[in-house]
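Asker: I need the structure of the sequence given here:
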Amino acid sequence: MGKQTASVKLWIVGSIGIDDIKTRDADRKNLLGGSVPYSSVAASFFARTGAVGVVGSDFPAAFERRWQGFGIDLSGVQHQVGDTFRWACAYDDNMIERTTLKTELGVFASFMPELPTAYRAAPFVLLGNIQPDLQLHVLKQAEGAKFVALDTMNLWIEIARPALLKVIRRVDLLTINDGEARQLTGKWNLRACAEAILKLGPRYVVIKKGEHGALCFSKTGVFIVPAYPVRKLADPTGAGDSYAGTFMGYLARAGRVTDGVLREALVHASALASFGVEGFSLERFQKLSPAEIRSRVSELKRMMKV
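Answerer: Reported below is the predicted structural model:
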């Protein structure tokens, strides 16, 4: 994909796909999806971001143009002969539970991430949800990394725990949902889960609770951020990726990690993720203005004020 020259402060590795999404109100086909598009676009509102992933020969040029329109560096995206990763799902009426209808890995099955030289000095890294062995492989190339965040899923906890634990020991922050936190630790109470995870190596753990917000744990305390209550929920796909991307983008813009900066990053992450679910794929982000972001962040802070 097209190369760009501005310095990358954050790079994100993960999946790039073409999605079919069915909800109670719509049935949409051939949408740009995957963890990297959602997270990199959200991050791009705050910092120069690079994408690392793989697409096939069927990846639409229009998707590339749309993605580059956010100013994201795509020099880390590989082109391979074959089909792009494809995924389809149908959401239940509650828009929480979903059924996977199709998973076709295509070129993603043989993906081996390699960092462009320009990415290797970037201080901030988001390891998206891919096999732990691949996360380790690409992390070894991150020569300038100062703060690394990790996302994972129940599948890797189940089938690749030893490799996952190796990655967890090398990162600064783990983001995980409440069910995965319980699966990883064997504990039920979320504070006990977080304390067990912190002992594995990370300085911070963010436990996501979907529509109920998120909790950020460290050795110094706990910070709770509610989810913004949206009026219109079109498609929740990618909300967690948008959340993680915003969080890391905000830290990259700040250039430092303190408790105060982390709290601001979490509030901004909740606000940005709420915009994403108001449309399908990246549609809402394409229309999003800095003024709207500031307004929603302020509104969320007012909701949190006691």
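Asker: pull the helix or strand with minimum mean pLDDT from the protein.
Answerer: None of the helices or strands of the chain scores lower by mean pLDDT, DSSP states H and E than helix 154-159, at a mean of 90.
Asker: After it, which helix or strand is next? Please name it.
Answerer: Note on helix 154-159: by DSSP states H and E, the next helix or strand toward the C-terminus is helix 161-169.
Asker: residues touching G179, list them.
Answerer: By C-beta atoms under 8 Å, 6 or more residues apart in numbering, the contact set of G179 is N154. From N, CA and C alone the C-beta is placed, and that goes for glycine too.
Asker: in what helix or strand does it lie?
Answerer: Residue-wise, G179 maps onto helix 178-185 under DSSP H and E.
Asker: what are the ranges of the helices in the stretch 201-306 of the chain?
Answerer: Counting by DSSP state H, counting those that start in this stretch, the stretch 201-306 of the chain has these helices, from start to end: 239-254, 259-276, 283-286, 290-304.
Asker: Also the stretch 1-150 of the chain?
Answerer: Using DSSP H, counting those that start in this stretch, helices in the stretch 1-150 of the chain cover 35-43, 61-68, 132-139.
Asker: Tell me the buried residues in whichever strand or helix holds R191?
Answerer: Using DSSP H and E, the element containing R191 is helix 190-198. Buried residues in helix 190-198, defined by neighbour count with 16 or more other C-beta atoms under 10 Å: 190, 193-194, 197-198.
Asker: re earlier: can you tell me which of the helices of the stretch 1-150 of the chain is nearest to A252?
Answerer: Checking the helices of the stretch 1-150 of the chain against A252 by C-beta to C-beta gives helix 35-43 as the closest, at 7.2 Å.
Asker: what mean pLDDT would you report for the closest one?
Answerer: For helix 35-43, mean pLDDT rounds to 97.
Asker: Restricting to C-alpha, output that helix in CSV.
Answerer: The C-alpha coordinates for helix 35-43 follow below in CSV (Å, rounded to 0.1, in the frame of the first residue of the first chain):
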residue,chain,number,x,y,z
SER,A,35,-9.1,-5.0,14.4
VAL,A,36,-6.5,-2.8,12.7
PRO,A,37,-8.9,-0.5,10.6
TYR,A,38,-11.1,0.2,13.7
SER,A,39,-8.2,0.8,16.1
SER,A,40,-5.9,2.7,13.8
VAL,A,41,-8.7,5.1,12.6
ALA,A,42,-9.7,5.8,16.2
ALA,A,43,-6.0,6.4,17.1
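Asker: Of the helices of the stretch 201-306 of the chain, flag the one that's most buried.
Answerer: Of all the helices of the stretch 201-306 of the chain, helix 239-254 carries the top mean neighbour count, a mean of 27, counting by mean count of other C-beta atoms under 10 Å.
Asker: That one: how far from the chain's middle?
Answerer: Centroid separation for helix 239-254 versus its chain: 7 Å, with C-alpha atoms, centre = their mean, to the nearest Å.
Asker: do stretch 225-238 as well
Answerer: That offset, for stretch 225-238, works out to 15 Å (C-alpha atoms, centre = their mean).
Asker: for stretch 122-131, same thing?
Answerer: With C-alpha atoms, centre = their mean, you get 9 Å for stretch 122-131.
Asker: Over to stretch 122-136?
Answerer: Distance, centroid of stretch 122-136 to centroid of chain: 11 Å (C-alpha atoms, centre = their mean).
Asker: what's the closest non-adjacent residue to the residue nearest to the spatial centre of the chain?
Answerer: The residue lying closest to the centre of the chain (C-alpha atoms, centre = their mean) is D241, at 2.6 Å. Leaving aside its sequence neighbours, D241 sits nearest to Y38 (C-beta to C-beta, 6 or more residues apart in numbering; 3.8 Å).
Asker: re the thing from before, just name the most buried of the helices of the stretch 1-150 of the chain.
Answerer: Compared across the helices of the stretch 1-150 of the chain, helix 35-43 shows the largest average neighbour count, a mean of 31 (mean count of other C-beta under 10 Å).
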